[in-house]
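Engineer: turn this into a structure:
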Amino acid sequence: MTTHRSTAYVKSSQARHHWRKPEPITNQFRFVVRMAYACHERQVPYDLTWTLADGVMRATITATGNIPTPRPLPKAPKLKIVSEWKPAIWDAVYRLEAYHDGTLNRMRPGFVIEHSCGLSLVHPCESGELGVTEYGDNEDIRQNWLVTHTASGKGFGLTLSFKRATDALLLAASFPVDWTQDVATLNTNPEFRRAGNTVLATYGTGHEKDTAKRRLAEMERAA
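Structural biologist: The predicted structure follows:
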């Protein structure tokens, strides 16, 4: 009769330091959980105990019998290759409902360039004439571009140059996300949140970028 015993430790959330220096979930801790799952699947008798003392969580598994080999942790999904896409500003088409304005909570007009993945580049415009404001003034059409979810018009919260907006769209499109789905469905996909935070961490500024990086770190620890 073979017996296996493993123990792993990790600080509880109450005992962790500031989020910039969190106590990681160790590979050994993950191994204990995976071993318990493998034993459960193969009906191998095991005992899993959890104890908390002085802010430290201890997980111990003891298994007896034909000890299974836990499955390895899944690898991070590879980013899909997005075909080369080089839109021109002049490809934009004017629409009265081009994007969703979160402040006003309604659709607003602008020039739109759609990508087949389900995302779009949008240049807000009230005049209907590219490069001209609603007051008749000239504006730099290379600036003030949004990256939006085509179906809903909702954006990533970024206002970028045309080049950076294009790069941001392609970065989001590289994630395993079906951007043609509705927002409610997308919200159930963790890769949707990972994509959004990655775009913000890459192209955001100041607090937006820092917050996105923190959320990505939290998602990584929870994986």
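Engineer: and the lengthiest helix in the chain, which residues are buried?
Structural biologist: Assignment by DSSP state H gives helix 206-222 as the longest helix of the chain. Judged by neighbour count (16 or more other CB atoms under 10 Å), helix 206-222 contains these buried residues: 208, 212, 213, 215, 216, 217. Every residue, glycine included, has its C-beta placed from N, CA and C.
Engineer: wait, which of these is closest to residue 163?
Structural biologist: Minimum distance to residue 163 across those is 19.3 Å, recorded for residue 208 (CB to CB).
Engineer: centroid-nearest residue for this structure?
Structural biologist: For the chain, residue 194 is the residue whose C-alpha lies nearest the centre (CA atoms, centre = their mean; 1.0 Å).
Engineer: which parts of the chain are strands?
Structural biologist: Counting by DSSP state E, the chain has strands at residues 3-11, 46-53, 56-64, 93-101, 106-114, 119-124, 146-149.
Engineer: including distance to residue 155, mean neighbour count and mean pLDDT, could those go into a markdown table?
Structural biologist: Shown next, in a markdown table, are the strands of the chain (distance: least, CB to CB, whole Å; neighbours: other CB atoms under 10 Å; pLDDT from 0 to 100):
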| stretch | distance to residue 155 | mean neighbour count | mean pLDDT |
| --- | --- | --- | --- |
| strand 3-11 | 38 | 14 | 84 |
| strand 46-53 | 43 | 12 | 89 |
| strand 56-64 | 40 | 17 | 88 |
| strand 93-101 | 6 | 16 | 95 |
| strand 106-114 | 11 | 19 | 95 |
| strand 119-124 | 7 | 23 | 96 |
| strand 146-149 | 4 | 25 | 97 |
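Engineer: circling back to that earlier point, list the contacts of the residue nearest to the centre of the chain.
Structural biologist: Shown in contact with residue 194 (CB atoms under 8 Å, 6 or more residues apart in numbering): 175, 216, 219.
Engineer: same check on residue 197?
Structural biologist: 212, 213, 215, 216, 219.
Engineer: swap the cut-off to 6 Å and go again
Structural biologist: Each residue near residue 197 by CB atoms under 6 Å, 6 or more residues apart in numbering is listed here: 212, 215, 216.
Engineer: just residue 143 next, same as before
Structural biologist: Neighbouring residues of residue 143 by CB under 6 Å, 6+ apart: residue 161.
Engineer: what does it show for phi and psi?
Structural biologist: Phi and psi for residue 143, reported as degrees, to the nearest 10, are phi -110, psi 170.
Engineer: wait, residue 36 touches residue 50, no?
Structural biologist: No. Using CB atoms under 6 Å, residue 36 makes no contact with residue 50, being 10.7 Å away.
Engineer: give me the domain ranges for the chain.
Structural biologist: For the chain, automatic domain parsing gives the domain ranges 3-64, 89-222.
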